[in-house]
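In: heads up, no residue letters with this:
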């Protein structure tokens, strides 16, 4: 396992203090590889917090360019970045957030041909996408590789979060067996921030072996009335993605 430098010990000293986290937890973060699919409202804060926490290697995937209408929620991108590739805009900021993190970028679409190669050798997959076709591909890649998929989604003041462990919990297609209609939907930037921060927390807990991950439940956030709820989820024995695998 990688060792921690004096820089690391000072930079991460406050999280190393967390009971059960310690130096070994920080070493696990430094040795970890996390893939973030989508660098928009969810992916931006996820990338910032995982970089700040000291995840050793982050893979950043997005195929879009920055648009002015993104800027109310996609906090890695600024006015000067409009028209720039999101992966480049994000990389410029993240290198300043934590210069000791290694970054890899992919500026193209995730599809059936490339998804397994893109997601291979990663410890955690973060679903920060805004379309279910790609979410399903990530779900099937997580099942194939046997790694957790941390799903987040937002709509206006509302958001949801679930951590999916192949073979142990429901998969994404167990929960959502049909693709919802594609449409432009309302988003409050702070809703994205809440869900993304929780996605980051789930990833950090899993990597370090601390705390308890959100399993067999989906967390539902309603910012309009400031309420959190949980709903039980279970595997579908006839699921087209996971039933034949486990």
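Out: Done, it's in. Every value quoted in this text rests on a predicted model; they were computed, and no experiment measured them. Numbering: from 1, shown residues only.
In: Residue 43 and residue 62 touch, don't they?
Out: Yes: counting by C-beta atoms under 8 Å, residue 62 is a contact partner of residue 43 at 7.1 Å. Any C-beta I mention is one placed from the backbone N, CA and C, and that applies to glycine too.
In: overlap in contacts of the two?
Out: Taking C-beta atoms under 8 Å, 6 or more residues apart in numbering as the contact rule, the neighbours common to residue 43 and residue 62 are residue 90.
In: Looking at residue 184 now. What's its pLDDT?
Out: On the pLDDT scale, residue 184 is placed at 87.
In: Quickly note the distance from it to residue 153.
Out: Spatial separation of residue 184 from residue 153 under the definition C-beta to C-beta, to the nearest Å is 15 Å.
In: and these two? which has more neighbours close in?
Out: A side-by-side neighbour count of residue 184 and residue 153, using other C-beta atoms under 10 Å, places residue 153 first with 22 against 7.
In: Just give the nearest non-adjacent residue to the more buried one, would you?
Out: In space, and not counting its chain neighbours, residue 153 is closest to residue 160: 5.2 Å by C-beta to C-beta, 6 or more residues apart in numbering.
In: sec struct for the one you found, please.
Out: Look at residue 160: counting by DSSP: H, G, I helix; E, B strand; the rest coil, its state is strand.
In: Can you tell me the SS state at residue 236?
Out: Following three-state DSSP, the label given to residue 236 is coil.
In: With adjacent residues omitted, what lies nearest to it?
Out: Here the residue nearest residue 236, using C-beta to C-beta, 6+ apart, is residue 174, at 4.1 Å.
In: ranges for the helices of the protein?
Out: Listed in chain order, the helices found in the chain under DSSP state H are 6-11, 13-16, 22-30, 43-53, 86-97, 115-119, 132-145, 172-175, 189-208.
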